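Asker: Sequence first, predicted model second:
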Amino acid sequence: MKTHPEIPCSGTFRILEVCEETLELKAENKQDECSEADFDSLELLSDETLLYVSKGDGWEARGVLQRAS
């Protein structure tokens, strides 16, 4: 598994629900400095990338994941 050195958090996701092109996730087995999210999701976009959204109390993080070449 590849990790990003500036993000001091790791763990696994469990799929809670699948709704069309979106997976609703729950973070489990978290290690290091993970923020507590109320909502995590992955959405397949039309360009075949994935939009990752994580929301917590007063914060939201978003990122687009691309296939490694």
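Answerer: That came through fine.
Asker: Give me the buried positions along stretch 24-34.
Answerer: Under the neighbour-count criterion of 16 or more other C-beta atoms under 10 Å, stretch 24-34 has Glu24, Leu25, Ala27 buried. (C-beta placed from N, C-alpha, C; glycine too.)
Asker: ditto for stretch 37-57
Answerer: Residues of stretch 37-57 classed as buried by neighbour count (16+ other C-beta under 10 Å): Ala37, Asp40, Ser41, Leu42, Glu43, Leu50, Tyr52, Val53, Ser54.
Asker: which of the residues you listed sit farthest apart?
Answerer: Ala37 and Leu50 (16.5 Å; C-beta to C-beta).
Asker: just to revisit the earlier point, need the buried residues of stretch 37-57 in a markdown table with secondary structure, can you?
Answerer: A markdown table is the format used below for the buried residues of stretch 37-57 (DSSP: H, G, I helix; E, B strand; the rest coil):
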| residue | secondary structure |
| --- | --- |
| Ala37 | coil |
| Asp40 | strand |
| Ser41 | strand |
| Leu42 | strand |
| Glu43 | strand |
| Leu50 | strand |
| Tyr52 | strand |
| Val53 | strand |
| Ser54 | strand |
